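Undergrad: model the following, please.
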Amino acid sequence: MHVQEWLDTVPPAAVYAVVALVIGLESLGIPLPGEIVLISAALMSSHHSGINPIVLGACATAGAVIGDSIGYAIGRKGGRPLLAWLGRKFPKHFSEGHVATAERSFEKWGMWAVFFGRFVALLRIFAGPLAGVLHMPYWKFLTANVLGGICWAGGTTAVIYYVGVVAEDWLKRFSYLGLAAAVLIGLASMLIVKRRAKKAQPARQEAEPANAGE
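TA: Reported below is the predicted structural model:
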């Protein structure tokens, strides 16, 4: 909710840059909430005319691909000392256990680890730098990186956008249905009260002469 509120304060045109930057930095290896920012922006695009979901998905994809590529270059140049340094700086994300798990995934799945790693928070941070450290051929990395970025960023944007549109449309219909139901309930209550009042009138009239005779 804080991310959503913060994005609401950002000019619509700048939302694209914010999403691309945050996702790019996360893909580079810096632990940032890229997925949360993307989901929040995609949800905004469903009810904000100033944010185009297609442009948003393209910017998110570009940030993912470019960030991963920079992370790959840094990892290839820095090697394992880089992972050790990241472990000291970000022990929660780059602990020895997490690095070992990511390495096993890369050794077992190769390009698929890069592709599906885009959908997993831990591997999304590791994918670029670790692929460089392990000297994965760049063309293989780039292919998996581009395809994974398109499917993750574009797919997430599309799904959240349409969910937001459907939800908003449903809420609008629900509000109209609720208003109609309230009107019907009010009319029904009024008719019931009037009918009971009419039935009560003869009884009162009969009771009044009896009381007068007494």
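
Undergrad: the residue lying closest to Leu25 once chain neighbours are set aside: neighbour count?
TA: Leaving aside its chain neighbours, Leu25 sits nearest to Leu32 (5.4 Å; criterion: Cβ to Cβ, 6 or more residues apart in numbering). To be clear about C-beta, it is placed using only N, CA and C from the backbone, and glycine gets the same treatment. Leu32 has 16 neighbouring residues, counting by other Cβ atoms under 10 Å.

Undergrad: is Leu32 in a helix, a strand, or coil?
TA: coil (DSSP: H, G, I helix; E, B strand; the rest coil).

Undergrad: correct me, but it touches Val22?
TA: Yes - between Leu32 and Val22 there is a contact under Cβ atoms under 8 Å: 5.4 Å.

Undergrad: and the residue nearest to Leu25, what does it touch?
TA: Val22, Leu25, Glu26 (Cβ atoms under 8 Å, 6 or more residues apart in numbering).

Undergrad: residue ranges with poor pLDDT in the chain?
TA: Within the chain, the ranges that satisfy pLDDT under 70 run 1-6, 8, 48-49, 86, 91-95, 164-214.

Undergrad: which among the contacts of Leu32 gets closest to Gly97?
TA: Nearest to Gly97 out of the contacts of Leu32 is Glu26 (Cβ to Cβ; 20.4 Å).

Undergrad: surely that closest one and Ile70 touch.
TA: No - counting by Cβ under 8 Å, Glu26 stays clear of Ile70, with 11.7 Å between them.
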